[in-house]
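Peer 1: Give me the fold of what follows.
(2 chains)
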Amino acid sequence: MLNKMTLTMPWSGMNKLTLKPDLGKKLMVHAVLLTYTVIALFPILVILINSFKTRKAIFNDPLGLPDASSFTLVGFEEVLARSSFDVFFFNSLIVTVLSLFFVLLFGAMAAWALTEYRFRGALFIAALFAMGIMIPIRLGTVSILQLMVDLDLVNTRTSLVLVYIAQGLPLAVYILSEFIRTIPKELKEAARCDNVSEYKIFFQIVLPLIRPAMATVAVFTMIPIWNDLWFPLILAPGESTQTITLGVQQFIGQFVTDWNAVLSSLTLAIAPVLVLYLVFSRQLIRGLTAGAVK
Amino acid sequence: MADVQLKQIKKSYGQVNVLHGIDLDIKHGEFVVLVGASGCGKSTLLRLIAGLEDISGGELLIDNKVVNHQPPAKRGIAMVFQSYALYPHMSVFKNMAFGLKISGKDKNFVREKVEHAAKILQIDHLLERLPRELSGGQRQRVAIGRAIVRDPNVFLFDEPLSNLDAALRVQTRVEIGKLHKDLDATIIYVTHDQVEAMTLGDKIVVMNKGRVEQCGSPLELYRHPRTQFVAGFIGSPKMNFMKGKVSVKTEGSIYVKLADGVEVEARVESGAIAVGEEVTVGVRPEHLQESLHGEGRLKGKINLVEHLGEVSYIYMTLTDGSEVVVRGDGETEVKVGEEIYADYQPQNVHVFNAQGLAFKRLTAAEADAPAAAMIRQAAGGNT
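Peer 2: Prediction:
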């Protein structure tokens, strides 16, 4: 759901700027984009409004807005008081933020090394990263689990962070390499003449210049990690290491599902990822305009 | 004091040899200009000196130390790039201060240095701007400023003016010339523009296909080009070349018969020339005078007249089809289609053999030496 949202939002804004000509065409474009936005946002809206309704109201009128008689915060109370929601939330947040940080750092470093330096095995490493994009990491779940058992990392957040770094790196390296290639080589040469070390060239010249690309990668990396259910279920199902997507599952029973609690926790789960997205998308747009002026 | 010496510098990319053993000796404080057509290896040579590319063979000495394997920063050089290469996310001040700050210099020292350099270049009011808010000329100054603050032994300029418009190019050229005098710095400057080379250089190195064709002061190159390539490269418009055969040879002068039958006299060292040898005759446009009457020695039909104000360039085709440019009077009244004659002084004629090597041209004094000797002799006989 969130995935779709991130895709539609920036584009709807851009089209407004680029398509000036006749009004009919403009309306058409906006109609299409609006329809798509509505479709993408509709499920989220349903979650939001139903999380504030009584159980009865959810089933009687799933699309109705909460009114005085049906409004309730029982779901939120349930989630916040009766479950360890704060733990789940914190787990998700720390796993996502740490993975994101390392994916961006290592991704940019690997991309820089692969594009800037010629060394033995560079092609081989690049091919490995390309394979990482093509082959889903879930195919290796069994061996990953075995590895984590051997390393004694089962039921730790570390295991999740490690797996997510591996999952996010290939695409990050791919996208960032393309961007790094567009940095004029004179800039790096000027820096080398200025006695700037390779590390400083990377951190103080290259990184600031690929900031928009980093934001793109951040968005694409963050959402699958936050939404993932698979690896938390397999690698870290313990009570203290559950992430929020896994935590929500405890309200879904075989016979009875506590919809109030499920919808409330999902509502709460949207918030942080939305905040992160807003932070990154701002970088994205700022980066685009900064590049355009040159 | 930093002399730069190149000893048999070679560069190859895999199988392709780009530079075939360059020897150069650059003294401290010299302004050396590397010129040549694009692809002749002049920029590569500069990058080798800078340390941005590895030297494949030979030795490079800066300040009497071999620096072949030293990184750019250790060589005490500063480079100004054609594309300016300013860090786009840093202000002008930060751009200029970056190198100093990295090397851990005191903050006040850095500020002082940058402000001083900015004042010299008249960009002190722009220090807080970002590069993208500057014009091309201002960006180029910032790039030069970034080089100045580091107090390098050697400045390297890689076609620094080619991205500027014509008026700004002239202005910046003059400023670079002044800067050289103020800083007392060694400068190596790459350009493909022979006007820049002539005006700026103490010494010009003309390169062709990875070799040094000739190296010398601007006037030396202008007066005594060693090869046909140098003769064609230095001077604007280009020297006129006409093919012919040596018909008469005397001491101190030869006559070359051109394809259309005209005989051209040239005052050159004639020792190595054989009668009947195929040679190329070269005369600069500024050494040809238009004349409407028959006493001129080259006859041709006018194709085009360019009026520049103080001079005009007359493009004419000789009867054998070769094209010749004559620098005429600024207010000349000749018209396209007319036939005119072009006159010349024999001592201004260059002669090149089939391999493109020049026969040494005798200066007026040298050419007149036999006559002078005769006069002296005669005078001596009288007393």
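
Peer 1: give me every residue that touches residue 172.
Peer 2: Looking at chain A here, since you left the chain open. Contact criterion Cβ atoms under 8 Å, 6 or more residues apart in numbering or on different chains gives A:103-104, A:106-108, A:111, A:217, A:221 as the residues in contact with A:Ala172. In short, each C-beta sits where N, CA and C put it, glycine included.

Peer 1: meant chain B, my bad for not saying
Peer 2: B:137, B:140-141, B:160-161, B:164.

Peer 1: could you redo the last one with a cut-off of 7 Å?
Peer 2: Under the criterion of Cβ atoms under 7 Å, 6 or more residues apart in numbering or on different chains, the contact partners of B:Thr172 comprise B:137, B:140, B:161, B:164.

Peer 1: Check the secondary structure at it for me.
Peer 2: Using DSSP: H, G, I helix; E, B strand; the rest coil, the secondary structure recorded for B:Thr172 is helix.

Peer 1: Adding secondary structure, write the contacts of B:Thr172 out as JSON lines.
Peer 2: Supplementary listing: the contacts of B:Thr172 in JSON lines, determined by three-state DSSP:
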{"residue": "B:Gly137", "secondary structure": "helix"}
{"residue": "B:Gln140", "secondary structure": "helix"}
{"residue": "B:Leu161", "secondary structure": "coil"}
{"residue": "B:Leu164", "secondary structure": "coil"}
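
Peer 1: Max pairwise distance over these: which two?
Peer 2: The most widely separated members of the contacts of B:Thr172, counting by Cβ to Cβ, are B:Gly137 and B:Leu161 (9.6 Å).

Peer 1: rewinding a little: between the contacts of A:Ala172, which is nearest chain B?
Peer 2: Minimum separation from chain B among those (Cβ to the nearest Cβ) is found for A:Ala108, which lies at 15.5 Å.

Peer 1: coming back round to it: can you say which of the contacts of B:Thr172 are also within reach of chain A?
Peer 2: If you filter these for contact with chain A, counting by Cβ under 7 Å from any Cβ of the partner chain, you are left with nothing.

Peer 1: neighbours of B:Glu277, just the number please.
Peer 2: The tally of other residues near B:Glu277 (other Cβ atoms under 10 Å in any protein chain shown) stands at 16.

Peer 1: give the contact list for it.
Peer 2: Under the criterion of Cβ under 7 Å, 6+ apart, the contact partners of B:Glu277 comprise B:245-246, B:353.

Peer 1: and which of those is nearest chain A?
Peer 2: Within the contacts of B:Glu277, distances to chain A taken as Cβ to the nearest Cβ reach their minimum at B:Asn353, with 42.4 Å.

Peer 1: which residues touch that closest one?
Peer 2: B:Asn353 is in contact with B:277, B:279, counting by Cβ under 7 Å, 6+ apart.

Peer 1: Quick check: pLDDT value at it.
Peer 2: Among the per-residue scores, B:Asn353 holds a pLDDT of 90.

Peer 1: before we move on, could you check phi and psi at it?
Peer 2: Here the main-chain torsion angles of B:Asn353 (degrees, to the nearest 10) amount to phi -80, psi -180.

Peer 1: measure it to B:His224 for me?
Peer 2: Using Cβ to Cβ, to the nearest Å, one gets 15 Å for the distance from B:Asn353 to B:His224.

Peer 1: In a helix, B:Gly177, correct?
Peer 2: Yes. When three-state DSSP is applied, B:Gly177 is found to be in a helix.

Peer 1: sorry, back to before: settle it for me: which of B:Gly137 and B:Leu161 has more neighbours?
Peer 2: Remark: of B:Gly137 and B:Leu161, B:Leu161 carries more neighbours, 24 against 19, as counted by other Cβ under 10 Å.

Peer 1: Any figure for the gap between the residue nearest to the more buried one when sequence neighbours are not counted and B:Ser38?
Peer 2: Computed as Cβ to Cβ, 6 or more residues apart in numbering or on different chains, the closest residue to B:Leu161 that is not its neighbour in sequence is B:Arg169, at 4.6 Å. Relative to B:Ser38, B:Arg169 is positioned 17 Å away (Cβ to Cβ).

Peer 1: Thanks a lot, catch you later.
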